[in-house]
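Student: predicted structure and sequence below. I'll ask about it afterward.
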Amino acid sequence: MKGRIKAGEGTLIGNAGEYYVMAELLKRGVVAALAPRNSPSFDILATRKRKSVRIRVKTKSEDMPDWQYNAKKDGSIFRDMGTKNDFTVLVDLASKTINLKYYVVPTKIINKWLVDSHNEWLATPGKKGQPHSPSNKKRHLSYDSNKDELDKKYHDMWSSLWK
């Protein structure tokens, strides 16, 4: 999958992640629907019994170390972030379906990780000792930096959507 984003396939990778998450929800008996393309606040609306949750999906290919985000003009990362019933499913897309990985994380946790990571990056000098620019909109959520928590608390934690 190397180079697929640069080859213009980023949208396809993102769409694949959304469809895989939809399939996981449906096979678990959850009523789920994709939001219209480019909806600002979530990708999937899911309902089970009397509870509904908003799900944002972020996908990376297996050869990439990070899930990549862009901050909005106001510096925020997520629009309309809720304090509950707002989740992000991080998809680690693999070339073989059996190797797909899902991390079901409250969006407020993802937001905290991204803000903390960006602040740490800002506090660290660049390659030539120069300060990093606070106006940089790129945000990276590193699997390696969050591996323990992702694997132990959030890997395949679909049931957390309904607690």
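Tutor: Received, thanks.
Student: CA atoms for contacts and neighbours, from now on please.
Tutor: OK.
Student: how many neighbours does residue 58 have?
Tutor: Residues lying near residue 58 (other CA atoms under 10 Å) number 21.
Student: make that residue 64, sorry
Tutor: The burial count for residue 64: 15, using other CA under 10 Å.
Student: mind pulling the model confidence for it?
Tutor: Per-residue pLDDT puts residue 64 at 89.
Student: mind telling me what element it is part of?
Tutor: For residue 64, there is no helix or strand it lies in under DSSP states H and E.
Student: can you name the residues that contact it?
Tutor: Contacts of residue 64 were listed using CA atoms under 8 Å, 6 or more residues apart in numbering, and none were found.
Student: quick check: it vs residue 94, distance?
Tutor: Using CA to CA, to the nearest Å, residue 64 is found at 11 Å from residue 94.
Student: go on, residue 158?
Tutor: 19 Å.
Student: can you pull up the most central residue in the protein?
Tutor: residue 58 (3.2 Å; CA atoms, centre = their mean).
Student: please look at it and residue 67 and confirm they touch.
Tutor: Yes - if you go by CA atoms under 8 Å, residue 58 and residue 67 touch, sitting 6.8 Å apart.
Student: what touches both of these two?
Tutor: Residues touching both residue 58 and residue 67 (CA under 8 Å, 6+ apart): residue 90.
Student: in the longest strand along the chain, which residues are buried?
Tutor: Longest among the strand segments of the chain by residue count, using DSSP state E, is strand 51-61. Residues 52, 53, 54, 55, 56, 57, 58, 59, 60, 61 are the ones in strand 51-61 that count as buried (16 or more other CA atoms under 10 Å).
Student: residue ranges with poor pLDDT in this protein?
Tutor: 1-8 (pLDDT under 70).
Student: what do you get if the cut-off is 90, keeping everything else the same?
Tutor: In the predicted model of the chain, residues 1-13, 37-40, 61-64, 82-83, 95, 126 satisfy pLDDT under 90.
Student: which parts of it are strands?
Tutor: Going by DSSP E, the chain shows strands at 31-34, 44-48, 51-61, 66-70, 86-93, 101-106, 138-142.
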